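**Q** here are the coordinates; sequence isn't available:
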Ligand code: MG
C-alpha cells in the first residue's frame, strides 16, 4: 500500500509558503509506516521544532489501474476522508534549499493521519466538498475541493502514468491555506462538512 501526496494544490497555500503555482502537480509519497495508529497520540519528533498540520481530503483507491483516462478516473474511488499531512517545516525548508527530496520532512512515523472513511454518495455535493480543521476547538483551516488547482480525477490520471494504483492506496490531495505549527497538548479535529472524522492529540 502506498500513500501518494499532492503538494501546492491550492493557490492560497502555495502563496502563504512563497511557492510558485506549478503547471503540473507536485507529487511525493509517504511510506505505509507513516500512518498514525489512531489509538495513539502524535508524538512530536526530536528532529524538528516546527511540525505543521496540513488538513487534506484523502481518497482511497478501490481497484487496480494504470494509465487511467481522466474521464474514467471516478471509477477508481468511492470513499474519502480527512487526513493530516504532518510536515517538519524546518526540515523541509532545509531540504528544499539544497534541492533535495522532501521524504524526511514528510514521511516520518505518524506523519499521515487518516480519518474514518465515508462513501462519496453520502456527500451532499461532490463538486464542492467542504472540509475543515479545528485546533483546540478553533477552526484553523477551511477548504473547498472546488479550489483545487488539479482535480481528484486529474491527479489520478496523472499519477497513474507513473505508478500502478492498487486497491487501498491513498491519495492526499493537498492542503488549503492556514497551515500552522502544533505544540504539545494541542488537540486537532478534522471534518468533512459537519462530520467529525478524526481527532488527534499532540504529545
Ligand atoms: Mg500537504
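**A** Sure, I can see it. Not measured: the values here are computed from a predicted model. Numbering: from 1, shown residues only.
**Q** residues near the residue of the chain found nearest the ion, how many?
**A** Closest contact between the chain and the ion, by CB to the ion, is at residue 85 (3.6 Å). Bear in mind the C-beta positions are built from the backbone N, C-alpha and C, glycine included. Around residue 85 sit 26 other residues, with neighbours defined as other CB atoms under 10 Å.
**Q** for residue 150, same thing?
**A** Neighbours of residue 150 (other CB under 10 Å): 18.
**Q** sec struct for residue 83, please.
**A** Assigned state for residue 83: strand (three-state reduction, DSSP: H, G, I helix; E, B strand; the rest coil).
**Q** residue ranges for the helices of the chain, please.
**A** Remark: helices assigned in the chain by DSSP state H are 11-16, 89-97, 103-106, 152-159.
**Q** Least confident of those helices, on average?
**A** Note on the helices of the chain: lowest mean pLDDT is at helix 11-16, with a mean of 78.
**Q** for the residue of the chain closest to the ion, what are its contacts?
**A** For residue 85, the contact set (CB atoms under 8 Å, 6 or more residues apart in numbering) comprises 5, 30, 54, 56, 106, 111, 112, 172, 175.
**Q** Quick check: chain neighbours aside, which residue is closest to it?
**A** Taking CB to CB, 6 or more residues apart in numbering, and ignoring the residues beside it in sequence, residue 85 has residue 54 as its nearest neighbour in space, at 4.2 Å.
**Q** Check that neighbour and give its pLDDT.
**A** Taking residue 54 on its own, its pLDDT is 98.
**Q** my guess is it contacts residue 84, does it?
**A** Yes: between residue 54 and residue 84 there is a contact under CB atoms under 8 Å: 6.5 Å.
**Q** Compare the two (neighbour count), which wins?
**A** For residue 54 versus residue 84, neighbours defined as other CB under 10 Å are more numerous around residue 84 (28 against 24).
**Q** Neighbours of the nearest residue to the more buried one once chain neighbours are set aside, how many?
**A** Nearest non-adjacent residue to residue 84, counting by CB to CB, 6+ apart: residue 113, 3.9 Å away. The local packing of residue 113 (other CB under 10 Å) involves 25 other residues.
**Q** about what we covered before: if I look at residue 54 and residue 84, which residues touch both of them?
**A** Counting by CB under 8 Å, 6+ apart, nothing touches both residue 54 and residue 84.
**Q** so who does residue 71 touch?
**A** With CB under 8 Å, 6+ apart, residue 71 has these contacts: residue 153.
**Q** same thing but 10 Å
**A** Neighbour list for residue 71: 153, 157 [criterion: CB atoms under 10 Å, 6 or more residues apart in numbering].
**Q** Can you check the pLDDT for it?
**A** pLDDT for residue 71: 98.
**Q** Please report how far it lies from residue 130.
**A** Here the criterion is CB to CB, to the nearest Å. By it, residue 71 lies 25 Å from residue 130.
**Q** now residue 80
**A** Going from residue 80 to residue 130 by CB to CB gives 12 Å.
**Q** Common neighbours of these two, please.
**A** Contact with both residue 80 and residue 130 is made by residues 123, 145, 192, according to CB under 10 Å, 6+ apart.
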